[in-house]
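> Here is a sequence together with a model predicted from it:
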Amino acid sequence: MKGLLLTLLGLFSSLQLNAQIVRIDPPNWWVGMQNNELQLLIHGDRISSFQVRIEGTDVRLKGVHKADSPNYLFVDLEIGATAPSVFKLYFESDTARFSTSYELKSRSFLASVYSGFNRSDAIYLITPDRFVNATPENDSFDTLREIEVDRSHDYKRHGGDINGIIRALDYIDSLGFTAIWPGPMLINDMNEQSYHGYAITDHYQVDPRFGTLDEYKLLASEMRDRDMKLIMDQINNHCGSMHWWMNDLPFSNWINGQSAFLGNKSITYANHRRTALQDLYASKRDYDEMTNGWFVETMPDLNHRNAFLARYIIQNSIWWIETLGLSGIRQDTQPYNDPDFMSTWAATILKEYPNFSIVGEEWSYNPLRIAYWQQGATNRDGYNSNMNSVFDFPLQGALSASLTESEGWDSGLIKWYEALSNDFIYPDPMSLVLMADNHDMDRLFTQVNEDTQLHAIALALLAVSPRIPQVYYGTEILMQNTAKPHDHGLIRTDFPGGWQEDAINAFTGKGLTEAQIQTQELTRRLFTYRRNSEVLISGNTLHFAPKDATYVLSRFKEDQSVSLFINKGVNESQLVLSDYQELGLIPGLEVRDVINGRTLELSETLSIPSRSFLLLEHKRHEH
Ligand code: CA
């Protein structure tokens, strides 16, 4: 009887108190990791009044840390176990004891899975809410704050989802893209504008409006089956203002400007003066406002100098890499983070996954600033980001200007030529990611004033340039935002055919204009060619200063070459080949037109149609 009573009492306290653990992050970990240390965040009502113990397992309790809030404990573990297991954490106080289980899984993938994206890849960028809605049942949930779905509204949810990306994989693959970067897909349980995904409210939960964790895993495995690489969009700098921890912050310095936030005083916003990070003469005020200010009101700035927050973010990144078998991370708003933390974050990832890839977003048109952020840069302050890639905004800006400006001594194509000539400052220019557009800027078709010929030239430059090209979904069918320049909602227009009711379907071609079909086919020819061209993937680069509205960009490897001839002028151009001797082109040589597949025999001159390009595959004749 007494035994039964004790058992019942034990059960009672266990039930009662176990319920006070709201969460443990990360929700699981793995055996056989390079780094066998792990820190758990344990969140629960007055959990800090408990002692923590582990028994009878290869997992060693190294330390327990209280936070400023009594509702958190941070528990340091050393994982000696080599086989997958479930162990128990015991919590004891003067009046109660209970336990909870924690799982250590075996690792799912071979190390080769984590080989990152590289110069052999071409990336397709997707805004998931706006791409394909394969599962209308998950468009809205009563339990979430923003429940409205309205496709006619640029800033509301439209219903696109992970299953939609899966359904489109064959299409994306057929266009020649080898990697996909979907915008962030973790939960944004925000009051409004939750569609974009950049205001995460739980770092361990997929937004149910995009799908489930299992569906995210399925996307990753379906991509692996096609030899495609999945890049996750991560945001270290900030979280959403409705993040679960905002109601009970673990430490008084978990976020920057926390006292102002809690005291309802005015928040300090980022000054966006990103140059302050490298500026020898920067004031501390400017530097601090840059790294500690909030991006916007709905995105609290995380304080990476709090060691527990820093570790939380690093482990979260690794958890997603390991759970999904990722090939890369796209890091949002790189220079808004604490730079030292970011270096440690990337170094820790690389230690676990030596061939992994990270591309950082530094929206600057100044190549000096882009170079600063690439791994291997010899920076005056000794800084090493440990990121192998950065987005090439300077070359993107030059691409746009070179096509839209009229030709002159210092305008037009010369902009591209001179921007590419800056490559000597980059540690590894061919690993930079070059895009003509993305989810934050005008669509390429809008940038080039809806000129299909200039649009085609831009796509050719993307495919041929010594970079990792990135194309935004819909650019292959001339999607535009001309009615509202710079309008983010319109830039992220629904992909036609992604919704069952769509009259136009870009997957089947139904309802597309002739120009759209041609651009889609051009994209396919350029990027399927690039995918298999060792010359474009890893070859050297040679180009000639623009002359009479023509520009020649050539790539070569040993005796093989692929040369792009651009004529921006209104008249057909006759290139005198002897002027381009270094290309190895001579009269009588047989060359292949990459776009139409035809072979032609060269004469003394090469004619390039007006406002067009020729892409030729050829042997380099030695002279
Ligand atoms: Ca849906």
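Thanks, I have it. Residues are numbered from 1 along each chain as shown.

> doesn't residue 222 fall inside a strand?
No - read with DSSP: H, G, I helix; E, B strand; the rest coil, residue 222 is helix and lies in no strand.

> Use 10 as the first number for this chain going forward.
In the new numbering, first residue 10, that becomes residue 231.

> pLDDT wise, what is it at?
Model confidence at residue 231, given as pLDDT, is 98.

> what's it in contact with, if anything?
Counting by C-beta atoms under 8 Å, 6 or more residues apart in numbering, residue 231 touches 175, 178. For the C-beta atoms, the positions are set from N, CA and C on the backbone; glycine is no exception.

> So what's the residue count around residue 218?
28 (other C-beta atoms under 10 Å).

> Whichever residue of the stretch 210-359 of the chain sits closest to the ion: what's it in contact with?
Closest to the ion within the stretch 210-359 of the chain is residue 218: 6.5 Å, counting by C-beta to the ion. Listed by C-beta under 8 Å, 6+ apart, the contact set of residue 218 reads 138, 147-150, 153, 166, 168, 170, 203.

> now swap in residue 158 and tell me
148-149, 165-168.

> That one pairs with what?
residue 166 (DSSP bridges).

> thinking again about what came up before, three-state assignment of the residue of the stretch 210-359 of the chain closest to the ion?
Applying three-state DSSP: residue 218 is coil.

> how close does it get to residue 59?
Using C-beta to C-beta, to the nearest Å, we find residue 218 at a distance of 36 Å from residue 59.

> next structured bit after the helix or strand containing residue 326?
Assigned by DSSP states H and E, residue 326 belongs to helix 316-333. Where DSSP H and E defines the elements, the next helix or strand beyond helix 316-333 is strand 337-340.

> So what are the sheet partners of that following strand and their directions?
Strand 337-340 has these strand partners (DSSP bridges): strand 238-243 (parallel), strand 366-369 (parallel).

> Go through these and name the closest to residue 550.
strand 366-369 (20.5 Å; C-beta to C-beta).

> Let me know the average pLDDT across that closest one.
Across strand 366-369, pLDDT averages out at 98.

> ok now it, how far from the chain's centre?
7 Å (C-alpha atoms, centre = their mean, to the nearest Å).

> Just the buried positions in whichever helix or strand comes after that strand, please.
Per DSSP H and E, the first helix or strand lying C-terminal to strand 366-369 is helix 376-381. With burial defined by 16 or more other C-beta atoms under 10 Å, the residues of helix 376-381 counted as buried are 376, 378-381.

> Over to stretch 226-239?
226, 228-229, 231-233, 237-239.

> repeat for stretch 494-510
Applying 16+ other C-beta under 10 Å to stretch 494-510 flags 497-508 as buried.

> For the residues you listed, which two are the farthest from each other?
497 and 506 (22.2 Å).

> and which of the buried residues of stretch 494-510 is nearest to residue 273?
Distances from residue 273 to the buried residues of stretch 494-510, taken by C-beta to C-beta, are shortest for residue 497, at 29.0 Å.

> contacting residues for the closest one?
For residue 497, the contact set (C-beta under 8 Å, 6+ apart) comprises 163-164, 205, 448-449.

> what do you get if the cut-off is 10 Å, keeping everything else the same?
Neighbour list for residue 497: 136, 163-164, 202, 205, 448-450, 490 [criterion: C-beta atoms under 10 Å, 6 or more residues apart in numbering].

> In TSV: these, plus pLDDT.
Shown next, in TSV, are the contacts of residue 497 (pLDDT from 0 to 100):
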residue	pLDDT
136	98
163	95
164	97
202	95
205	97
448	98
449	98
450	98
490	98
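
> now those: which count as buried?
Neighbour counting over the contacts of residue 497 (16+ other C-beta under 10 Å) leaves 136, 163, 202, 205, 448, 450, 490 as the buried ones.

> The last one touches residue 481, doesn't it?
No - taking contacts as C-beta atoms under 10 Å, residue 490 lies outside contact range of residue 481: 11.0 Å.

> what do those two both touch?
Joint contacts of residue 490 and residue 481 (C-beta under 10 Å, 6+ apart) are 446, 450, 452, 500-501.

> Just the ones in helices from those, please.
Of these, the ones assigned to helices by DSSP state H are residue 500.

> hmm, back to that, make a markdown table out of the contacts of residue 497 and add secondary structure and distance to the ion.
Shown next, in a markdown table, are the contacts of residue 497 (DSSP: H, G, I helix; E, B strand; the rest coil; distance: C-beta to the ion, whole Å):
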| residue | secondary structure | distance to the ion |
| --- | --- | --- |
| 136 | coil | 14 |
| 163 | coil | 18 |
| 164 | coil | 17 |
| 202 | coil | 17 |
| 205 | helix | 16 |
| 448 | coil | 19 |
| 449 | coil | 23 |
| 450 | coil | 26 |
| 490 | coil | 23 |
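
> Following the chain onward from the helix or strand bottoming out on mean pLDDT in the chain, which element is next?
Ranked by mean pLDDT, DSSP states H and E, the weakest helix or strand in the chain is helix 11-27, scoring a mean of 45. Downstream of helix 11-27, the first helix or strand assigned by DSSP H and E is strand 30-34.

> Alright, I will stop here.
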